[in-house]
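Q: Okay, structure incoming, though there's no sequence with it:
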């Protein structure tokens, strides 16, 4: 379920722009003074400029070239991530980091059988599709374990894992004893000896593995303590999730995971990969354009007529401004920047911009002015 052109393929595109042409519909990021709304024909307050004209011309070309195939209106083309939050999760900085990195641990046995086919419900009808199992959906959700840190388990303790069977009188694991500066971990038959203290570690050979003892400079760790928090899945059920698609917002079958650390459940879309149509690339106009118009990378939020998206800017660029061309069938977006005239590093940074359309977005497609591709929602 790949979401269209990746950031890596598009990093070289943010300087690709268009020829000078017609006027522009320019919207400042929520701070335009009273009486400064764009005119009905898209002309910005105070007239036009070269950047606005270039954006307008390219946006017209992008909109005219947009010709998706028949599955755009008859199939299932998701335009957002397959992992969906069903409400306000009440993130802390640690749990948000875990969610965005896909750090999970399960404390239940995941069902391995695929359920019966179910319907995706669009505003214009329904489509019955096969589904994947909860175990398969969880494997897609879980992107690995966080770095370990002191005081928090990286995974559930063995006795809490499904199917755990203790070994009688096992001595192969470490033995933890209290010490003056923290725990002292002594090996069983196969484990290392680790003695934390106020100095850095010294590694010495032992009979069954290395012995780690303090050195002169104290323990060193490059992993922040916030990085060790996983999200704990305690229950799962089959339900639905609202998903932006090529046919508008749809209710899509999804496995809904209860997460101990979050206030809202996390859903992973359950549609089998063979029933998912990839987002088309779009058609990019040709020809040079001013250097101060940049493309959009993705959508961050849609709230009625209010859109937030990210544009790719240079490290020394300033004055990032949203640029919008609105039509009845599509909306084309990008951004304007002020380029630095001095020496600067050659890198791409992402900058969020926001604009309000004349009407709610509805089921209209949002296209990138640089590539002509539909934008996918990445919150």
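A: Happy to help now that I have it. Source: prediction; values computed, not measured. Numbers count the residues shown, from 1 in each chain.
Q: Run through this structure and note the low-pLDDT ranges.
A: 1-48, 149-227, 288-290 (pLDDT under 70).
Q: what about the longest helix in it?
A: Of all segments of type helix in the chain, defined using DSSP state H, the longest is helix 50-65.
Q: what's the helix or strand following that one packed up against?
A: Going down the chain from helix 50-65, the next helix or strand is helix 71-74, by DSSP states H and E. Helices and strands touching helix 71-74, as assessed by 3 or more Cβ pairs under 8 Å, 6 or more residues apart in numbering; DSSP states H and E, are absent. Where C-beta positions appear, they are placed from N, C-alpha and C, glycine not excepted.
Q: which outside residues touch helix 71-74?
A: When contacts are defined by Cβ atoms under 8 Å, 6 or more residues apart in numbering, helix 71-74 is touched by residues 77, 246-247, 277, 280.
Q: out of the residues you listed, which is most surrounded?
A: residue 246 (22 neighbours; other Cβ atoms under 10 Å).
Q: Now for that residue: which residues touch it?
A: Per Cβ under 8 Å, 6+ apart, neighbours of residue 246: 68, 72-73, 75, 77, 79, 365, 374.
Q: try 10 Å
A: 68, 71-79, 122, 277, 279-280, 363, 365, 374 (Cβ atoms under 10 Å, 6 or more residues apart in numbering).
Q: Can you list the buried residues in the longest helix of the chain?
A: Of all the residues in helix 50-65, those buried under the rule 16 or more other Cβ atoms under 10 Å are 51-63.
Q: Isn't residue 64 up against residue 283?
A: Yes - Residue 64 lies in contact with residue 283 (Cβ atoms under 10 Å); the separation is 9.3 Å.
Q: Tell me the first helix or strand C-terminal of the longest strand belonging to the chain.
A: In the chain, with assignment by DSSP state E, the single longest strand is strand 231-245. Per DSSP H and E, strand 231-245 leads on to strand 248-259 as the next helix or strand towards the C-terminus.
Q: what comes up buried for that next one?
A: 249-250, 252-257, 259.
Q: before we move on, what about stretch 67-85?
A: 72, 75-85.
Q: The residues you listed in helices, which ones?
A: residue 72.
Q: Return the subset of the buried residues of stretch 67-85 lying in strands.
A: 83-85.
Q: helix or strand for residue 320, which one?
A: Per DSSP H and E, the secondary structure element for residue 320 is strand 318-326.
Q: repeat for residue 310
A: strand 306-314.
Q: Can you get me the start-to-end distance on stretch 353-370?
A: 16 Å (Cα to Cα, to the nearest Å).
Q: can you map out the strands along the stretch 1-150 of the chain?
A: 83-85, 104-106, 118-122, 125-129 (DSSP state E, counting those that start in this stretch).
Q: Ok, which of these comes nearest residue 325?
A: Nearest to residue 325 among the strands of the stretch 1-150 of the chain is strand 118-122 (26.5 Å), distances taken as Cβ to Cβ.
Q: Report the angle between that closest one and strand 248-259.
A: In terms of direction (axes from the mean of the first three to the mean of the last three Cα atoms, to 10 degrees), strand 118-122 departs from strand 248-259 by 130 degrees.
Q: going forward can the numbers begin at 668, since that is how I track them
A: From this message on, residue numbering opens at 668, which makes the last subject strand 785-789.
Q: Can you point out the buried residues in strand 785-789?
A: For strand 785-789, by 16+ other Cβ under 10 Å, it's 785, 787, 789.
Q: Helices of this structure, start to end?
A: 674-677, 717-732, 738-741, 760-768, 801-808.
Q: Among those helices, which comes closest to residue 1013?
A: Closest among these, once you apply Cβ to Cβ, is helix 674-677, at 15.4 Å.
Q: returning to that earlier point: right, and the pair among the contacts of helix 738-741 with maximum separation?
A: 914 and 947, at 14.2 Å, using Cβ to Cβ across those.
Q: so what's residue 1014 up against?
A: Contacts of residue 1014 by Cβ under 10 Å, 6+ apart are 678, 979-983.
Q: Quick check on the residues you listed: which are buried?
A: Buried among those (16+ other Cβ under 10 Å): 979-981, 983.
Q: Including distance to residue 762, could those go into TSV?
A: Formatted as TSV, those follow (distance: Cβ to Cβ, whole Å):
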residue	distance to residue 762
979	28
980	29
981	33
983	34
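Q: pretty sure residue 992 is in contact with residue 1036, am I right?
A: Yes - between residue 992 and residue 1036 there is a contact under Cβ under 10 Å: 7.6 Å.
Q: shared neighbours of these two, anything?
A: 722-723, 725-726, 729-730, 999-1001.
Q: now residue 980: how far from residue 900?
A: 38 Å (Cβ to Cβ, to the nearest Å).
Q: follow-up on the earlier one: more crowded one of residue 992 and residue 1036?
A: residue 1036 (31 against 24).
Q: Just give the nearest non-adjacent residue to the more buried one, would you?
A: residue 1001 (3.5 Å; Cβ to Cβ, 6 or more residues apart in numbering).
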